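Student: what follows is a predicted structure for the sequence shown.
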Amino acid sequence: MMNANEPESILIVGAGFTGLTAALSLAERGHHVTVLESDSAVGGLAGSFTTSSGYELEKFYHHWFSNDHHVTELIDALGLSEKVQTRYTRTGNYYANNIYRLSTPLDLLRYAPLSFFNRIRLGCLVPFAHAVRDWRKLENYTAAQWLERICGRQVYQRVWEPLLYGKFGPYAEEVSAVWFWKKIVLRGGSRGKGGKEQLLYFSGGFSALAKAMCQKLETLGGRILCDQKVAQVLAEDGCVTGVRTIAGDCYEAYTVLFTGAAPEFLEIAGECLTESEQGRLEKIRYLGNTCLTLELDRSLSDTYWMNVNDPEFPFVGVIEHTNFEPASSYGGNKIIYLSKYLQVSDALFAKDADEFFDYAKPYLVRMFPQFDESWVKAKSLYRARYSQPIVTKSYGEIIPPINYSTRGLYLSTMAQIYPEDRGTNYAIREGKKVADLIASALA
């Protein structure tokens, strides 16, 4: 076996923000850490690609909220606070062939698709959500039930129902009220002057932060090995002994932390798990995501985040990234994301960039009549099989555990993030949490 250095060495499978955070935290305590990443670069779902003009850009759109303190604490610890950019953003809403601005309370009062009384009810949702003291009381409600009770039928049908179905499709009626409540609380808490939304970004993109974490880890004696897809967790006498990659390489360790999706963990570690542990992991369901990035020579609008409240549209939002991070960061090109959550069995999941664009183009033209294909300078498409865990009622009862009956085996995955939704801020939190648990066990 290829030895991972020392008897108490730790293998971390996955170089997303959970894996990198856990690796840093453990290396800072003097442990020997090796991170194995199946991709050719670090970052996980926050990984990046190189645009046609030679700039780094996230494969799937990303930002932070102003109340995401786990990531800002990490950035502070790395001495990179000056690279955090805080900006106001514009939010819009597309409904019944019209675009409406929804960035401020005044915009909400002018929102024509709702009666004036229902505009007030919609506006009261954020303070109402902040007033919830025990979110566990929401676990027995779906988001649809809770939203209709709080906002009324018209608000639910015209605002929230299209977004739920646009994102979760056949699972829309199963989504937990807890998941939606926390979304509202977090986003509503990222407001600045006049109620405008404030979002954060890292200069150079999320890949720049991930690379800085890697550099810090290497100075602490850790190592990151890319293009190392793990095929099996190895164990003897109820204890982890290491992992084997699909290339046949073996890495020895007494501690293995897996940071990918629950089905992937089940696939490589199934022989190390009890039937009960396997059954719990099997309860976690996911939606995939396919995300088309367009590089344009001009803007579609002045809005960063355009929610699509039309059930006929194939995507739930149009995100014009360069209305958040300036186009000068990408050689002057305007960056558009078209994201679609879907089951991986859906034919759309298999389409390439050109095919997906041909599918999406009529909808873009309908929303932005001035749009012409000649504006497009480049297209890129990336897919993720396990992009969004489906958080249902009483989800807290089925969350997979962190450690397992096989000694030294750990799981830290986005399906364990609760009641918050997955994201890099909470990936960092979970990385610290599992590192504390591993360090205590090794002590």
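Tutor: Structure's in. What do you need? Note that the structure is a prediction, hence the values are computed from the model and not measured. Residues are numbered from 1 along each chain as shown.

Student: got the buried residues for stretch 362-373?
Tutor: Of the residues in stretch 362-373, Tyr363, Leu364, Met367, Phe368, Phe371 count as buried by neighbour count, 16 or more other Cβ atoms under 10 Å. To be clear about C-beta, it is placed using only N, CA and C from the backbone, and glycine gets the same treatment.

Student: hang on, Ser52 is in a helix, isn't it?
Tutor: No - the assignment for Ser52, made by DSSP: H, G, I helix; E, B strand; the rest coil, is coil rather than a helix.

Student: what sits against the nearest residue to it once chain neighbours are set aside?
Tutor: In space, and not counting its chain neighbours, Ser52 is closest to Ala378: 3.8 Å by Cβ to Cβ, 6 or more residues apart in numbering. Under the criterion of Cβ atoms under 8 Å, 6 or more residues apart in numbering, the contact list for Ala378 reads Thr51, Ser52, Leu294, Glu295, Asn333.

Student: where does the spatially closest residue to the third one that is not a sequence neighbour sit: helix, strand or coil?
Tutor: Using Cβ to Cβ, 6+ apart and skipping the chain neighbours, the partner closest in space to Leu294 is Ile336 (4.3 Å). Following three-state DSSP, the label given to Ile336 is strand.

Student: do you know how far Ile336 is from Ile402?
Tutor: Separation of Ile336 from Ile402 (Cβ to Cβ, to the nearest Å): 38 Å.

Student: those two: which is more packed in?
Tutor: Ile336 (25 against 17; other Cβ atoms under 10 Å).

Student: what pairs with the more buried one across the strands?
Tutor: Leu294, Glu320 (DSSP bridges).

Student: now do the contacts for it.
Tutor: Ile336 is in contact with Thr293, Leu294, Glu295, Leu296, Leu300, Val318, Ile319, Glu320, His321, counting by Cβ under 8 Å, 6+ apart.

Student: select from those the one having the most neighbours.
Tutor: Counting by other Cβ under 10 Å, top hit in those: Val318 with 26 neighbours.

Student: show me what the strand or helix carrying that one is in contact with.
Tutor: Under the criterion of DSSP states H and E, Val318 resides in strand 317-320. Residues from elsewhere that reach strand 317-320, judged by Cβ under 8 Å, 6+ apart: 61, 94, 166, 299-301, 303-308, 334-339, 364, 367.

Student: please redo it, this time with the cut-off set to 10 Å
Tutor: Outside strand 317-320, the residues within contact range by Cβ atoms under 10 Å, 6 or more residues apart in numbering are 60-61, 63, 90-94, 99, 163, 166-167, 291, 293-294, 296, 299-309, 327, 334-340, 360, 363-364, 367-368.

Student: check the gap between the closest residue to Ile390 other than its chain neighbours and Pro326 for me.
Tutor: Using Cβ to Cβ, 6+ apart and skipping residues adjacent in sequence, the residue nearest Ile390 is Arg285, 4.5 Å away. In this view, Arg285 and Pro326 are 39 Å apart by Cβ to Cβ.

Student: surely Pro170 forms part of a helix?
Tutor: Yes - judged by three-state DSSP, Pro170 forms part of a helix.

Student: leaving out sequence neighbours, find the closest residue to it.
Tutor: Spatial nearest neighbour of Pro170, excluding adjacent residues (Cβ to Cβ, 6+ apart): Gln343 at 7.7 Å.
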